[in-house]
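Visitor: below is the sequence, then the predicted model.
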Amino acid sequence: MKSDLVTCSFVMDRDVYNTFKSIVCKHGQNVKGNIVNYMKSVIQYEIPNADTIMAIHEVETLKKDANKKVYSSFNELLEDMETDDDE
């Protein structure tokens, strides 16, 4: 085994593990890979909150979208939302 690798071992509730495994498998992932990717995201963003990490990814994606709507004020956004509701 390489000296730059570490083996992690922990005990957790079986129902929690099985529920987590079921969810990540539905998305084509496995438990180990999902946990490793989460750890890498925490390191990259120095934020250990999955919701915050997903929001950052969403903002990065929106910044790259040339067709995104842009508002000059919060009121303009609210007016647009009201217009959408009327349609």
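Guide: Perfect, I can see it now.
Visitor: in the helix or strand encompassing Leu62, what's buried?
Guide: Per DSSP states H and E: Leu62 is located in helix 50-64. For helix 50-64, burial by neighbour count (16 or more other C-beta atoms under 10 Å) applies to Ile53. Where C-beta positions appear, they are placed from N, C-alpha and C, glycine not excepted.
Visitor: check stretch 40-48 too.
Guide: Buried residues in stretch 40-48, counting neighbours by 16+ other C-beta under 10 Å, are found at Ser41.
Visitor: with stretch 21-33 instead?
Guide: Under 16+ other C-beta under 10 Å, the buried positions of stretch 21-33 are Val24.
Visitor: gap between that stretch and the chain center?
Guide: 14 Å (C-alpha atoms, centre = their mean, to the nearest Å).
Visitor: hmm, who's touching it?
Guide: Contacts to stretch 21-33, defined as C-beta atoms under 8 Å, 6 or more residues apart in numbering, come from residues Tyr17, Phe20, Asn34, Asn37.
Visitor: could you work out the end-to-end span of that stretch for me?
Guide: 11 Å (C-alpha to C-alpha, to the nearest Å).
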